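Participant: From the sequence below, what's the structure:
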Amino acid sequence: MNRKLVILLLVFGGLLFVVMSRPGKRSSDAGTHGGIESLETEAKQAGESQTLFQTNVRVIEVRKGDRVIRLERTSDRGTDWEIVKPITGLASYQKVRGILDLFQTDVVPQVVEDLTEQNSRSFGFVGRDTLELILESDGAERTHLKIGVTDLETTRGSEDVTERTWVTRVGVKRPQALLVTVPGLRSILDVPVARYRSKRLIPAREWTDIDSVTIQNPEHAGGVIEIVRDATDDDPNRWRFKSPADRRLGNPRSYFSRLTALRAQKVHARASMGDIGHSQEGKVATLEVNIGDKKIRMHIGPRQDAYCYVTVDGRPDDVYELGIHQRPQILPTTDALRDKQVFPFETEEDIQKIETFMNDEPRLALQPSEAGWVRIPDGELAEPSQVDLLVNTILRLEVKEYVPGVSLQDAGLVTPSLRLKVTGRQGSFEVVFGEDSKKNVHARRVDRNDIFVVAKYIQEKLATGWQDLENRSLFFWKSGDLETILITHPDGQVVHLTTKGDESRVWKLVDGAKEYPMDQPTIRRIAAQAATLRVREKRPELKNPKDTPGVTRILIRGIEGKEGQVFVGPRRPNGGHLVGCDGCYFSDVPFILSAEKLAGILKRKETLLSNRP
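Facilitator: Coordinates of the predicted model:
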């Protein structure tokens, strides 16, 4: 009996050993297998950590049979990678990150059993389909893995599928079969090298990374364009033209940003391409970009249908396909890069005086004061809205197009029609304007030789005259400064609106000692009209209408004690009202005094007062 029991136990043990030696079966039982904990404990005692986690990876190498793909990091920030084998070129960080993300989390495998020559094939660690992954870090840490077969496990009663892959570490004292749950492990690693090619041409993340640019385009006259960094302690991000040295460089941010964002539509293997147009003499441009100690030298071919092809020194295996619209974007002319701002002023506070001359006769002179811009020599305040328009035109005045080779005679600048002189903190600058035979407006700053074209409306805005700047505002107030509006109608009815005593600035209708809430949007519009009340023209020959029968009186008070008063006469036969303010006489139809608006206010007042308690 005992002998039979021993035989049965031996048979059962043999069957159990066979079942447990199969990797597919072992994957479902690995979590509860009694031998795992002891193997893990032994591995730890041997000083070998089985975690696959690794940081600061600088080299990635993937092997499969005779195929080797090697990627290397080229900067400390971790986003710049290059393909080293089997071809050379920039690597797509998006593709590289797919590998890094596999092991940038703490993937702790399950240790199943020690690896032997006999069971290595069953785990998929021997054969041409075996993948090898080598990771090297900055700290000389090296992880060498073999990637075996993948098992798919379906939980009973569920449609969820768990993908588990057999992995082993190479070069450790005790090789073991490890089971890891990393979805897509083999599919991410087992790809051709072409999948790693980057469409980027220039490895710069920010436009300020660029130190210098050299453009050699045989299709453009003017020779080589060279832009170099000209940093100072106050402004490290400043550049200038090294060639041509007599030109002023504009802000290169837009151009440099286009370079750093440059992406090819496609990347081709050079061996698979035929003629890419680079053999055409006098048609191939060169663009060299320096970023620190890196030099990227590109050769840009001529147009071929809707494309042009680019090669880069040091990347002999890649040909970049650009859309034909991208070619002029990366090969601009000197004039496209030049400084197009006519005046060096940045804000209104930089300007101290504005003078204009029409046909060499003085037309306008303005200078700022504490109360606002005043006209010279009469000292009267100028119309704020018109001054703002004039000042903004000066600040934003830019060259539309440089026209080299045009004479002063052809540009209409021998006897300019308009002369603008602006004096400010940076000095005094003068620009002359004229028209050619086709009525195109040309201009030139007198301290420079360049002639350029400006939009026609610019000259019209700058030709502002005395009448245009005549003050037509009754009050230089903001609507938020108003506290009280008192309108006395010709029939004696009074509309008294106020926010006095209310911190929330709510407008109320006042009748004696009583206050009633009003429609706030309507009253705020009235307050805005009162504060910015403007008229159409000045009529000094007419009499102030304040003593005229049928006059309407408007009194406004501000939060700082300011007060203003306007008298509006009855409607005149030829239209409009005569308005008097501080001894000045104007003709206009103020919105605040429209019959409909006053009728609505008075009706609202009567309704409120009739319903008062």
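
Participant: I'd like the mean pLDDT over the helix or strand where A336 lies, please.
Facilitator: In this assignment (DSSP states H and E), A336 forms part of helix 334-337. Taken as a whole, helix 334-337 has a mean pLDDT of 90.

Participant: Other residues contacting whatever helix or strand comes next after it?
Facilitator: Per DSSP H and E, the first helix or strand lying C-terminal to helix 334-337 is strand 351-358. The contact list for strand 351-358 (Cβ atoms under 8 Å, 6 or more residues apart in numbering) reads 345, 362-368, 390-391, 394, 417-425, 462-464. C-betas here are computed from N, CA, C, even on glycine.

Participant: Is it possible to mark the buried ones in those residues?
Facilitator: Those of the contacts of strand 351-358 that meet the buried threshold are 345, 363-368, 390-391, 394, 417-422, 424, 462-464, by 16 or more other Cβ atoms under 10 Å.

Participant: check which helix or strand covers the nearest residue to R197 once chain neighbours are set aside.
Facilitator: Excluding the flanking residues, the one nearest R197 by Cβ to Cβ, 6 or more residues apart in numbering is V267, at 4.6 Å. For V267, the host element (DSSP H and E) is strand 266-269.

Participant: so what strands line up beside that strand?
Facilitator: strand 318-323 (antiparallel) (DSSP bridges).

Participant: who touches stretch 320-336?
Facilitator: 199, 201, 215, 217, 220, 222, 225, 241, 244, 247, 255, 258-259, 262, 264-268, 285, 287, 300, 303, 306-312, 401-402, 404.

Participant: List the ones among the residues you listed that fall in strands.
Facilitator: Using DSSP state E, the members of the contacts of stretch 320-336 that fall in strands are 215, 225, 241, 266-268, 285, 287, 300, 307-312, 401-402.

Participant: Pull up the gap between N119 and G512, please.
Facilitator: Counting by Cβ to Cβ, to the nearest Å, the separation of N119 from G512 is 105 Å.

Participant: Mind checking which of these two has more residues around it?
Facilitator: Between N119 and G512, counting by other Cβ atoms under 10 Å, N119 is the more crowded of the two (17 against 7).

Participant: can you confirm that one is in a helix?
Facilitator: No: under the criterion used here (DSSP: H, G, I helix; E, B strand; the rest coil), N119 is coil, not part of a helix.

Participant: Just to check, it is in contact with Q176?
Facilitator: No: under the criterion of Cβ atoms under 8 Å, N119 makes no contact with Q176, lying 10.8 Å away.

Participant: Touching both of those two, which residues are there?
Facilitator: Contacts common to N119 and Q176, judged by Cβ under 8 Å, 6+ apart, are E113.

Participant: residues in contact with stretch 234-241?
Facilitator: By Cβ under 8 Å, 6+ apart, the list of residues contacting stretch 234-241 reads 208, 225-232, 247-249, 252, 334, 337.

Participant: Can you give me the distance of D305 to G323?
Facilitator: The spacing between D305 and G323, counted by Cβ to Cβ, is 11 Å.

Participant: wait, doesn't D447 sit right on S428?
Facilitator: No: contact criterion Cβ under 8 Å: D447 and S428 do not qualify, at 9.5 Å.

Participant: show me where pLDDT drops low in the protein?
Facilitator: Where the chain drops to pLDDT under 70, the residues are 1-55, 103-108, 152-161, 464-467, 471-479, 534-538, 574-575, 582-613.

Participant: Out of the buried ones among the contacts of strand 351-358, list just those in strands.
Facilitator: R363, L364, A365, L366, Q367, P368, L418, R419, L420, K421, V422, G424.

Participant: which non-adjacent residue is nearest the residue nearest the centre of the chain?
Facilitator: Nearest to the mean C-alpha position of the chain, by Cα atoms, centre = their mean, lies S257 at 9.8 Å. In space, S257 comes closest to W207 once its chain neighbours are excluded; the distance is 4.5 Å by Cβ to Cβ, 6+ apart.

Participant: Have a look at D305 and G323 and say which one is more surrounded.
Facilitator: Taking neighbours as other Cβ under 10 Å, D305 and G323 compare with G323 leading, 12 against 6.

Participant: circling back: return the member of the ones in strands among the buried ones among the contacts of strand 351-358 nearest to R67.
Facilitator: For those, the residue nearest R67 by Cβ to Cβ is G424; the value is 67.9 Å.

Participant: ok, the closest one - contacts?
Facilitator: Residues near G424 by Cβ under 8 Å, 6+ apart: F343, F345, D350, I351, Q352, K353.

Participant: Can you go through those and name the buried ones?
Facilitator: F343, F345, I351.

Participant: Contacts only, for the first one.
Facilitator: By that I understand F343. I394, L395, L397, V422, G424, F429, V431.

Participant: just to revisit the earlier point, which two from the contacts of stretch 234-241 end up farthest apart in space?
Facilitator: Once Cβ to Cβ is applied, the contacts of stretch 234-241 give T232 and T334 as the farthest pair, at 23.8 Å.

Participant: Which residue of the two possesses the greater neighbour count?
Facilitator: T334 (20 against 8).

Participant: What's the separation between the more buried one and L115?
Facilitator: 67 Å.

Participant: domain parsing for this protein?
Facilitator: Partitioning the chain according to automatic domain parsing yields domains covering residues 50-196, 207-337, 348-462, 479-610.

Participant: before we move on, back to that, among the contacts of F343, which one sits closest to R505?
Facilitator: If you rank the contacts of F343 by distance to R505 using Cβ to Cβ, L395 comes first, at 33.6 Å.

Participant: what's the closest one in contact with, if anything?
Facilitator: F343, F345, E346, T347, E348.

Participant: Tabulate those residues (TSV), appending distance to V149.
Facilitator: TSV is the format used below for the contacts of L395 (distance: Cβ to Cβ, whole Å):
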residue	distance to V149
F343	73
F345	73
E346	68
T347	70
E348	74
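
Participant: picking that back up, using TSV, lay out the domains of the chain together with distance to L469.
Facilitator: Shown next, in TSV, are those (distance: least, Cβ to Cβ, whole Å):
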stretch	distance to L469
domain 50-196	56
domain 207-337	32
domain 348-462	4
domain 479-610	12
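
Participant: Figure out which of those is closest to D468.
Facilitator: domain 348-462 (5.4 Å).

Participant: picking that back up, wait, the residue nearest to S257 touches L262, no?
Facilitator: No: contact status for W207 versus L262: not in contact, 11.5 Å apart, counting by Cβ under 8 Å.

Participant: So for those two, which residue has more residues nearby?
Facilitator: L262 (21 against 17).

Participant: show me where the stretch 101-250 of the chain has strands.
Facilitator: Assigned by DSSP state E, counting those that start in this stretch, the stretch 101-250 of the chain shows strands spanning 110-114, 131-137, 142-154, 161-169, 176-180, 212-216, 225-229, 239-243.

Participant: Packed most tightly, which of those would that be?
Facilitator: Mean neighbours per residue, mean count of other Cβ atoms under 10 Å, is largest over the strands of the stretch 101-250 of the chain for strand 176-180, with a mean of 23.

Participant: Packing partners of it?
Facilitator: helix 23-29, strand 110-114, strand 161-169 (3 or more Cβ pairs under 8 Å, 6 or more residues apart in numbering; DSSP states H and E).

Participant: Show me how far the last one is from its chain's centre.
Facilitator: Remark: strand 161-169 is offset 44 Å from the chain centroid, using Cα atoms, centre = their mean, to the nearest Å.

Participant: List the strands paired with it, with their directions.
Facilitator: Strand 161-169 has these strand partners (DSSP bridges): strand 142-154 (antiparallel), strand 176-180 (antiparallel).

Participant: ditto for the shortest one
Facilitator: When pairing is defined by DSSP bridges, strand 110-114 lines up against strand 176-180 (antiparallel).
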